[in-house]
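Trainee: For reference, the sequence and a predicted model appear below.
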There are 2 protein chains.
Amino acid sequence: MPKLDLDTIPQTNATGYPAEYADVVQGRWYRRLAPASGIADFGASHVTLKPGAWSAQRHWHEGEDELVVMIAGEAVLVDDSGETAMRPGDVAAFPKNDGNGHVLQNRSSTDCVYVAIGRQSATDCHYPDIDLHLFDGEGFRRKDRSGF
Amino acid sequence: MPKLDLDTIPQTNATGYPAEYADVVQGRWYRRLAPASGIADFGASHVTLKPGAWSAQRHWHEGEDELVVMIAGEAVLVDDSGETAMRPGDVAAFPKNDGNGHVLQNRSSTDCVYVAIGRQSATDCHYPDIDLHLFDGEGFRRKDRSGF
């Protein structure tokens, strides 16, 4: 059946972030839709941000486009241009390698729900606000390439 | 700015269907989000189905996964398993080459809005209900390969 029974798809708040940067995503609960539904051309996550949670640390990918479709609740999109309210029906696109770090923050008192689409690629990810960098093939390091 | 100003993105109801099969998509108004936003890893369309309109003729792709995120209104998803209501927040996935033709039909009296994600590939598309087939490299033909 093409319509996904979201409640049956495993939900996790796992993160690969080093402990000192993981606090903001503890309330980010996501379901990986692609493996659950049999699609492989791109990835898709159904994400619930609990009050206070962030989608990620503010970041931009060298080699991965991202698209977000807002479904419920409200988030604040923070990027180099400032802060923008995102509400149900709103869509945001994050082109690869644009150098504009982005994050969704749920500053409200209710859950925020969205679907995020991306296509994983083995490229670096930049975190402008913190001492973190994702080095392709190595994983998360400090910007001077030292470990955590 | 990552948040898309949807009203500024051109909207069209264009279709490549032969005239005899084009009536059901005359009320399908869509915006191509990828070129407008600078992403290229996958395609995304913001679609409004006017009352009575369909997303497409019922079809399945040999080589293209599709994902739909419902934003507003209601549609009936028709596939080999029957009819399923799709409402805001619902997600449906259509894995390539599964042989299960699908279509969204707006049978309501108000607009239905969704975002559809896919990654174009040069492969055939099958239409189980009508005498139509998309032949890779040739375009739309009747199933016996004759033209319209």
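Mentor: Cool, got the structure.
Trainee: if you skip the residues just before and after it, what's nearest to residue A:94?
Mentor: residue A:66 (4.2 Å; Cβ to Cβ, 6 or more residues apart in numbering or on different chains). Using the backbone N, CA and C atoms, a C-beta is placed for each residue, glycine as well.
Trainee: Tally up the residues packed near the one you found, please.
Mentor: Neighbourhood size, residue A:66 [other Cβ atoms under 10 Å in any protein chain shown]: 23.
Trainee: got it, and residue A:85?
Mentor: 12.
Trainee: returning to that earlier point: would you list the phi and psi of the residue nearest to residue A:94?
Mentor: phi -130, psi 150 (degrees, to the nearest 10).
Trainee: check contacts around it.
Mentor: A:93, A:94, A:116, A:117, A:118, B:39 (Cβ atoms under 8 Å, 6 or more residues apart in numbering or on different chains).
Trainee: I'd like to know how far the residue lying closest to residue A:44 once chain neighbours are set aside sits from residue A:107.
Mentor: Sequence neighbours aside, residue A:33 is the residue nearest to residue A:44 in space, at 4.2 Å (criterion: Cβ to Cβ, 6+ apart). As judged by Cβ to Cβ, to the nearest Å, residue A:33 and residue A:107 stand 26 Å apart.
Trainee: Tell me which of these two has more neighbours.
Mentor: More neighbours surround residue A:33 than the other of residue A:33 and residue A:107, with 22 against 15 (other Cβ under 10 Å).
Trainee: isn't that one right up against residue A:8?
Mentor: No. With contact defined as Cβ atoms under 8 Å, residue A:33 does not reach residue A:8; the gap is 11.7 Å.
Trainee: any idea where the helices of chain A begin and end?
Mentor: In chain A, the segments counted as helices under DSSP state H are A:33-37.
Trainee: Burial check on the residue nearest to residue A:123 when sequence neighbours are not counted, number of neighbours?
Mentor: Spatial nearest neighbour of residue A:123, chain neighbours left out: residue A:63 (3.1 Å); criterion: Cβ to Cβ, 6+ apart. Other residues within reach of residue A:63, judged by other Cβ under 10 Å, total 15.
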